[in-house]
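# Here is my input; please provide its structure:
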Amino acid sequence: MILAGYFARRVAARPDHLRAPGVREVCSVSECMSPGAADWISAWRHNGLGWFNHVAEALSVVPEPQRGEFRLFAYRVYPMVFRARQRSIIDLPADVRPEPIPETFRSLGFDSASKSAYSALSLECSPLSCNEMGAELPVNEHCLFPTLDAAIAGAERFAVEQPEPGDYYVVEVLEGPMIDPSRSTNADRAST
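Prediction:
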């Protein structure tokens, strides 16, 4: 797995239409349900994958009064991209050079997300949440695959079936410590 960056996002609870009762929240790499801070792109501190090379940069785009509404994630990508029925070696943008992941981060699981164009800034959609495939595939409480092998099998399937158009990337999702334990979103998470 290749370290690819950091990102702070508001994590959405499982939507009612996702019929996967074991899912509690959506921690996918996609911004479709769990978005980053408004205008994070315009700060232009992100790398070519749309993530940040430093924890401080990821947090810097979140307005101070909203910090308690966000959770901090790190991402590692599998070194292959899945296209139709083949795999190719991943070609990461040259500016993807993150600082090492602090020991305080823990793995939540793995996602498989689409990217429809090389020029697209970031990964686009996770079929597990965006297309409700988390209801028919093995997912954990974070709406992520529980193992790397399951995520690779998912990426192979998605690359052929195309629930979302594009190539598929497998990403390990790791979560860092609470950004602001005094705020409800993170405080609620700490008590579970």
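
# quick one: secondary structure of the closest residue to V96 other than its chain neighbours?
Using Cβ to Cβ, 6 or more residues apart in numbering and skipping the chain neighbours, the partner closest in space to V96 is N47 (4.8 Å). To be clear about C-beta, it is placed using only N, CA and C from the backbone, and glycine gets the same treatment. Recorded secondary structure, N47: coil (DSSP: H, G, I helix; E, B strand; the rest coil).

# Where does the prediction get shaky in the chain?
119-120, 180-192 (pLDDT under 70).

# Specify the helix with the largest residue count in it.
Criterion DSSP state H: the longest helix present in the chain is helix 148-161.

# rewinding a little: give the full set of residues in contact with the residue nearest to V96.
4-5, 53, 93, 95-98 (Cβ atoms under 8 Å, 6 or more residues apart in numbering).

# Need the max-distance pair from these.
Distances among these were taken as Cβ to Cβ; the most separated pair is P93 and P98, at 12.0 Å.

# Which of those two has more residues huddled nearby?
Using other Cβ atoms under 10 Å as the criterion, P93 and P98 rank with P98 on top: 22 against 13.

# was I right about that one contacting N53?
Yes. Between P98 and N53 there is a contact under Cβ atoms under 8 Å: 4.6 Å.

# That'll do, ta.
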